[in-house]
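> below: sequence and its predicted model.
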Amino acid sequence: MNLGLAASIFGFIFVAELPDKTAIASLVLATRFKPLVVFAGAALAFIIQSLVAILVGGLFSLLPEAVVHRVAGALFLVFAFFMWRDAGKNEDAEEEETIEKEIAGKKQTFWAGMWTAFIVVFLAEWGDLTQLATATLEAKYRDPVTVFIGATLALWAVSAIAIVIGSRVRTIFNPEITKKIAAVIFALLGVALVIGIL
């Protein structure tokens, strides 16, 4: 495993995941269930979603390297556009309402809470920008173990932070700012890939 690459992937996915709806989902779930219960369900969901992303990225890696770099760059630019566009939207209220409906009436047992967290996070992460970014990174670097570990640890870290915050207060950070930061990073990486710097 390439530790330097894993650290880079961790940082990239970490920043991209901060403003994501799955972080909000983890935060809100932690206001209803015990932190360890939420983390267990979210962590399992992220493992499965990262494996799916690695598999898709492995298929992309069969293409010629120059094509992969340009496609990856174009995808990062698309991700940047959507992140920047969504930065002004207030999705917190809608996300909280959806999650509250999902968990209404459930007993706060370990398995019920874990199952709820797994389902909510799994569905929120499916086809998400960070999942697509993980697939793109696997196609670029062709190192499934390193990409999987870096991406999964980043997703776990963001989820853990959101859970800690959610277990104490409902909201603390501004998702608009973090979305814009993530959009700029995606755009810079996209341009670098398209012109062949990375």
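Perfect, I can see it now.

> need the helices for this protein, in chain order.
Assigned by DSSP state H, the chain shows helices spanning 3-17, 21-29, 35-60, 65-86, 92-103, 110-125, 129-141, 144-168, 175-194.

> quick one: those as a markdown table, columns for mean neighbour count and mean pLDDT too.
All C-beta spots, glycine's among them, are computed from the backbone N, C-alpha and C. Shown next, in a markdown table, are the helices of the chain (neighbours: other CB atoms under 10 Å; pLDDT from 0 to 100):
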| stretch | mean neighbour count | mean pLDDT |
| --- | --- | --- |
| helix 3-17 | 19 | 90 |
| helix 21-29 | 26 | 78 |
| helix 35-60 | 20 | 89 |
| helix 65-86 | 17 | 70 |
| helix 92-103 | 15 | 56 |
| helix 110-125 | 20 | 84 |
| helix 129-141 | 24 | 85 |
| helix 144-168 | 21 | 91 |
| helix 175-194 | 19 | 69 |
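
> from residue 138, how far off is the residue lying closest to residue 152 once chain neighbours are set aside?
Excluding its sequence neighbours, the residue lying closest to residue 152 (CB to CB, 6 or more residues apart in numbering) is residue 50, at 4.6 Å. From residue 50 across to residue 138, the span is 10 Å (CB to CB, to the nearest Å).

> wait, doesn't the residue nearest to residue 152 sit right on residue 154?
No - using CB atoms under 8 Å, residue 50 is not in contact with residue 154, being 9.6 Å away.

> sorry, back to before: and for residue 50 and residue 138, which residues touch both?
Common contact partners of residue 50 and residue 138 (CB atoms under 8 Å, 6 or more residues apart in numbering): residue 148.

> and the closest residue to residue 30 other than its chain neighbours, what is it in contact with?
Take residue 30 and drop its neighbours on the chain: the residue closest to it by CB to CB, 6+ apart is residue 166, 3.1 Å away. Residue 166 makes contact with 26, 27, 28, 29, 30, 31, 35, 38, according to CB under 8 Å, 6+ apart.
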